[in-house]
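J.: Give me coordinates for this.
(chains A and B)
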Amino acid sequence: MRNRERVEPTWFEKARRKVKDTFYGVSVAVNHKLYPNGKKAASAGARRRKETGFIIFMLFIPVCNFLIFYVYCNFSSILLAFQQSNPDGSYFFTADNFVQVFQKLWKGGEMLNQSIRNTLIFFIFDNGVILPLSLFLSFFFYKRIALKSYFRFMFYVPSIVSSVVMTTLYKYLLDANGPVGMLYQALTHAESVPAFFNSKEYAMWALLFYNLWTGFSVNLLLIGGAMARIPDETVEAALLDGVGFWRELFSITFPMIWPTLSTIIICAASEVLTASGPVLLLTGGSGETYTLSYYIYDQVQLQNQYNAPAALGLVLTAFTFPIVMITRWLTGKVYADVEF
Amino acid sequence: MERAIDNSKALRALHKRHRLGAKDRRRSAGEKIAFGVAFVIFFIYALTILYAFFWIGMSSLKTNREFYRAPLALPEQWIFRNYIEAFTALEYNSVNMIGMIGNALWYALGSTFCHLLACCMTSYVFARYNFRLKKIMYSIVILTMIIPIIGGLAASYKLRYDLNLVNSPLILLPAFSGFGMHFIILMSYFKTLSWNYAEASFIDGGGHIKTFFSVMLPLAKAPIVALAIRCFINYWNDYYTPLLYLDKMPVLATGLYYYRLELTYRSNEPVYFAGVVMSMIPCLVLFAIFQDKIMENVTAGGLKG
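T.: Numbers count the residues shown, from 1 in each chain, chains lettered A, B, ... in the order given. As a prediction, the model looks like this:
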């Protein structure tokens, strides 16, 4: 062990200690007066104040953000819907925007009608075709199909890669110069490949097929996660009772994952009027592929109109809200809440 | 206590073995057909995805002329120069690819950081503290998640324009929103986290802020990292927000989109493909490393995770 020599403190060190001791003494004296029982007498109030301060500190910025970018934004959206501007830049309040929206809705052949039709097609396709398919696919993953992890990886890749990249790939694959285009020519002996993304005949199909090609990943994960959480005992008991493959799927697996499934359905219902494919990236609306979300984007971004789209948005929100509520009510009716 | 844990472990192992046994039981003829058909479908699907990436990788190494002459063949010469050329050739609004990567990193990393920090702050307070407006605020948060707001685009564009956020690095500000799906996930996590850690910290003289930042946040590292990776990938791939608000500061996704719009027959497509391939690399690398983190623990409804 090192032999420690006692070093005489310097005058500075002595002075420093003296000051420190004095402060300490004062602090003890003050505290003793404040909290004579040795406990912090004022602690309840002080603690409460500290806690409140902390809560305000934590929530201040997020709540401000919410107030500005959600509350104010939607409030001004409602104002916009009731406004129209004069040529000199000033504006006045009117309900004309709504009148126009309803007039457009009643008239046939309008862009708006096309948008609504396509949006509903996307909605039905996403939920009537892709969602049930995801359910079946997840079940096969759950039942450990060969090469399971490799396939799961592949199904997930489209959601890892940017839509800009995926649409680029898709576009070039279907191009006259791409493999699908060439295959088409070889099979049909056609002289040229049709304009898949611009013609009225093919554009919607091309978009729907794109959704099918890339649309499994998230649902697959959610449903797969829910299936993995089904308690082993339930499945074992059923298997011991001699339940077959399909019976297991429909009578055990589906009801057991119902909470997840109903959440997916409710989310889907809230997208009933915003469902779309990558219209902007693939067709830009040509070939009669306008959807409501692209229509609004087109109006705001490309035509610099603010009032009419805001009115339309308000009308659409008013339509969607009851749909979501009814769906919530209905999904709650199918099975009682399953807890495990 | 330990014995109980041992027992439950043994039980779980037993269950697992049983379950595997149950799943591995011989499949009936009908099941075999179903699995066979599913396998074929899965296989074809995986092949289309793989081939698409293989095709673009291959095409990015060709000369432009070769790309048009033999689009399906392997490159005669492997021209890696395309990848270097992409850095200067891909340009939009006089921002080249290096600038786009910089913008994309700023946007993606910044937004991820802001959003998750805000979510951690709000979710922690909602999970662990009681205050007067808590119930009302929580109901409002849930309500905003259920009501779909359609057509807010015009107003939000105007608002960002008025706040001078358009074409500005400050576009990250709206990302500082502490509510939504991630709020719910983190809140359920903070609820499960033992409060003893915080109490220990309080006894040691730590205040609320110190306890949150140096005790509770590090304990929630696992879900935060998982969410951060997913968030980063989403923001990196996001083209819609940058397209609307960052026209003069194009990120990689919008830069590539505009470049594709302006592609003419005179431009060099393999160079463009090289840029596309490079834009995928960060996400694919993240995905390859954190695959399990990204794909597991995804839940909705009941929110157990």
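J.: Tell me which other helices or strands the strand or helix carrying B:G275 touches.
T.: Here B:G275, judged by DSSP states H and E, is contained in helix B:269-289. Here helix B:269-289 touches helix A:148-160, helix A:163-174, helix B:29-59, helix B:64-69, helix B:81-89, helix B:221-237, helix B:252-261, going by 3 or more Cβ pairs under 8 Å, 6 or more residues apart in numbering or on different chains; DSSP states H and E. Using the backbone N, CA and C atoms, a C-beta is placed for each residue, glycine as well.
J.: Which stretch among the ones you listed approaches A:Y142 most closely?
T.: Counting by Cβ to Cβ, A:Y142 lies closest to helix A:148-160 out of these; the figure is 9.2 Å.
J.: of all of the stretch 51-200 of chain B, which residue lies closest to chain A?
T.: Closest approach between the stretch 51-200 of chain B and chain A, counting by Cβ to the nearest Cβ: B:G151, at 1.4 Å.
J.: mind checking the SS state of that residue?
T.: Recorded secondary structure, B:G151: coil (DSSP: H, G, I helix; E, B strand; the rest coil).
J.: how close does the nearest residue to it once chain neighbours are set aside get to B:Y239?
T.: In this structure, B:G151 finds its nearest non-sequential neighbour in A:G313, 1.4 Å apart by Cβ to Cβ, 6 or more residues apart in numbering or on different chains. Noted for A:G313: a distance of 21 Å to B:Y239, by Cβ to Cβ, to the nearest Å.
J.: Same list (the helices and strands packed on helix B:269-289) but as JSON lines, adding mean pLDDT and distance to B:S194.
T.: Listed next are the helices and strands packed on helix B:269-289 as JSON lines, based on pLDDT from 0 to 100; distance: least, Cβ to Cβ, whole Å:
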{"stretch": "helix A:148-160", "mean pLDDT": "86", "distance to B:S194": "33"}
{"stretch": "helix A:163-174", "mean pLDDT": "90", "distance to B:S194": "41"}
{"stretch": "helix B:29-59", "mean pLDDT": "90", "distance to B:S194": "42"}
{"stretch": "helix B:64-69", "mean pLDDT": "86", "distance to B:S194": "60"}
{"stretch": "helix B:81-89", "mean pLDDT": "88", "distance to B:S194": "50"}
{"stretch": "helix B:221-237", "mean pLDDT": "89", "distance to B:S194": "15"}
{"stretch": "helix B:252-261", "mean pLDDT": "88", "distance to B:S194": "42"}
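J.: List just the one of those helices that sits closest to A:N219.
T.: helix A:148-160 (9.8 Å).
J.: Any chance of a markdown table for the helices and strands packed on helix B:269-289, columns mean neighbour count and distance to B:G102?
T.: Output for the helices and strands packed on helix B:269-289, formatted as a markdown table (neighbours: other Cβ atoms under 10 Å in any protein chain shown; distance: least, Cβ to Cβ, whole Å):
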| stretch | mean neighbour count | distance to B:G102 |
| --- | --- | --- |
| helix A:148-160 | 19 | 22 |
| helix A:163-174 | 23 | 18 |
| helix B:29-59 | 15 | 24 |
| helix B:64-69 | 15 | 28 |
| helix B:81-89 | 17 | 12 |
| helix B:221-237 | 19 | 13 |
| helix B:252-261 | 23 | 10 |
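J.: Name the helix or strand for the residue nearest the centre of chain A, please.
T.: Central residue of chain A (Cα atoms, centre = their mean): A:C267, 8.8 Å from the mean position. Per DSSP H and E: A:C267 is located in helix A:258-270.
J.: Which one's more surrounded, A:G313 and B:Y239?
T.: Using other Cβ atoms under 10 Å in any protein chain shown as the criterion, A:G313 and B:Y239 rank with A:G313 on top: 27 against 23.
J.: can you tell me the helix or strand for the more buried one?
T.: Using DSSP H and E, A:G313 sits in helix A:307-334.
J.: Between helix A:258-270 and that helix, find me the angle.
T.: Orientation check (axes from the mean of the first three to the mean of the last three Cα atoms, to 10 degrees): helix A:307-334 against helix A:258-270 gives 160 degrees.
J.: confidence score at residue 123?
T.: Since no chain was named, I'll use chain A. The model reports A:F123 with a pLDDT of 92.
J.: switch to chain B, that's the one I care about
T.: 95.
J.: again with A:G285
T.: The model's pLDDT for A:G285 equals 85.
J.: so it sits right up against A:V279, yeah?
T.: Yes. With contacts counted by Cβ atoms under 8 Å, A:G285 reaches A:V279, the gap being 6.1 Å.
J.: Check the gap between the closest residue to B:A175 other than its chain neighbours and B:I98 for me.
T.: Nearest non-adjacent residue to B:A175, counting by Cβ to Cβ, 6+ apart: B:S111, 3.9 Å away. B:S111 is 20 Å from B:I98, where distance means Cβ to Cβ.
J.: between these two, which one's more packed in?
T.: A count of neighbours by other Cβ under 10 Å puts B:S111 above the other of B:S111 and B:I98, at 23 against 11.
J.: Would you mind identifying the next helix or strand past whichever strand or helix holds the more buried one?
T.: Using DSSP H and E, B:S111 falls within helix B:97-128. Following helix B:97-128 in sequence order, the next helix or strand is helix B:134-146 (DSSP H and E).
J.: Contacts for that following helix next, please.
T.: With contact meaning Cβ atoms under 8 Å, 6 or more residues apart in numbering or on different chains, helix B:134-146 is reached by A:70, A:266, A:270, A:324, A:328, B:126, B:179-181, B:183.
J.: For those residues, work out which two are farthest apart.
T.: Farthest pair in these (Cβ to Cβ) is A:V324 and B:F126. Separation: 23.6 Å.
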